[in-house]
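Visitor: My questions concern the predicted model and sequence given below.
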Amino acid sequence: MFRRCPSCHLVFQAKEVKKELLGADTRVQKDYLVPAPMKWEWQDNFDKETHVHTYRVAYKCKHCGHEWTDLSQKK
């Protein structure tokens with residue numbers, strides 16, 4: 001994803017200065033029995049486990065020198 005400076009609004013000028021891990025979560029989503037498409041049977045969906053990492057990322061604009069932070073999540 002292309003970062004954009006909130007001060008001068010230029011794209012491709014944001015430079016990642018620091019990346020800090022805030023937390024790592026494991027989320028479990030339970031799926032229930034759902035009808036299978038075009039069949040008379042039930043389709044069994046299992047629990048889905050996703051790992052989510054939350055980061056605080058610091059950026060600095062190469063053009064105007066503005067510094068800002070942003071939160072991002074990666075699965």
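Guide: Everything's here; your move.
Visitor: residue contacts, T69?
Guide: T69 sits next to 56-59 when contact means C-beta atoms under 8 Å, 6 or more residues apart in numbering. Yep, even glycine has a C-beta here, placed from its N, CA and C like the rest.
Visitor: could the residues you listed be laid out in TSV, adding pLDDT?
Guide: Formatted as TSV, those follow (pLDDT from 0 to 100):
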residue	pLDDT
R56	95
V57	94
A58	95
Y59	95
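Visitor: So which of those residues is surrounded by the most neighbours?
Guide: Highest neighbour count within the contacts of T69: Y59, with 19 neighbours (other C-beta atoms under 10 Å).
Visitor: Can you tell me the closest non-neighbouring residue to that residue?
Guide: A14 (4.7 Å; C-beta to C-beta, 6 or more residues apart in numbering).
Visitor: what pairs with the one you found across the strands?
Guide: Beta-bridge pairing for A14 (DSSP bridges): C61.
Visitor: quick check, nearest of the contacts of T69 to P6?
Guide: Nearest to P6 among the contacts of T69 is Y59, at 9.4 Å by C-beta to C-beta.
Visitor: The closest one reaches Q13, doesn't it?
Guide: No. Counting by C-beta atoms under 8 Å, Q13 is not a contact partner of Y59; they are 9.5 Å apart.
Visitor: Okay then, goodbye and thanks.
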